[in-house]
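[1] Give me the fold of what follows.
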Amino acid sequence: MTQNNSETQNNPDANPWPREIRYKSAEKILEVDFEDGCIFQYPAEFLRVESPSAEVQGHNSAEKKTVPGCRHVGISSMDPVGNYAIRINFDDSHDTGIFSWRYLYEIGQTQDTLWSGYLAELARQGLSRDQ
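    Residues are numbered from 1 along each chain as shown. The predicted structure follows:
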């Protein structure tokens, strides 16, 4: 479920700030409520394959890797990073992604597009979410 507020969406200088962060372990969903009223629900699998780490994103957009086999991944813990981000520790041992509030907001806004692109890339490369 996503609610939108045009003030933050139309202002690239706005700094999205989370009001509340909840991990629903049974559903493997991270839910973040932002101050502007936007609420994003991120499946752990989605966060894992969109991790901002160099391991996933590379050092430029041409180096982005398609990560297979994450359908059942969960979040084992989260650690604050200053006052601007969280480090998400996944139960597949991936723990190098630092998810800034801005990054979480941006991928929340584009989640459907990013997910569709990920699924298409898996298919193109002959990979599976279950590998």
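[2] Now do the contacts for the residue nearest to the spatial centre of the chain.
    Within the chain, the residue whose C-alpha comes closest to the C-alpha centroid is Leu47; the distance, by Cα atoms, centre = their mean, is 3.3 Å. Neighbouring residues of Leu47 by Cβ atoms under 8 Å, 6 or more residues apart in numbering: Leu30, Ile75, Ile88, Phe90, Gly97, Phe99. Just so you know, the C-beta spots here come from the backbone N, C-alpha and C atoms, and that holds for glycine as well.
[3] Which strand residues bridge the nearest residue to Arg19 once chain neighbours are set aside?
    Using Cβ to Cβ, 6 or more residues apart in numbering and skipping the chain neighbours, the partner closest in space to Arg19 is Asp33 (4.7 Å). Under DSSP bridges, the beta-bridge partners of Asp33 are Glu20, Ile39.
[4] just checking, Asp33 touches Ile39?
    Yes - taking Cβ atoms under 8 Å as the definition, Asp33 is a contact partner of Ile39 at 5.0 Å.
[5] Quick check: closest non-adjacent residue to Ala54.
    What sits nearest to Ala54 in space, not counting adjacent residues and going by Cβ to Cβ, 6+ apart, is Thr96, at 7.4 Å.
[6] what helix or strand does the one you found sit in?
    Take DSSP states H and E as the rule and Thr96 turns out to sit in neither a helix nor a strand.
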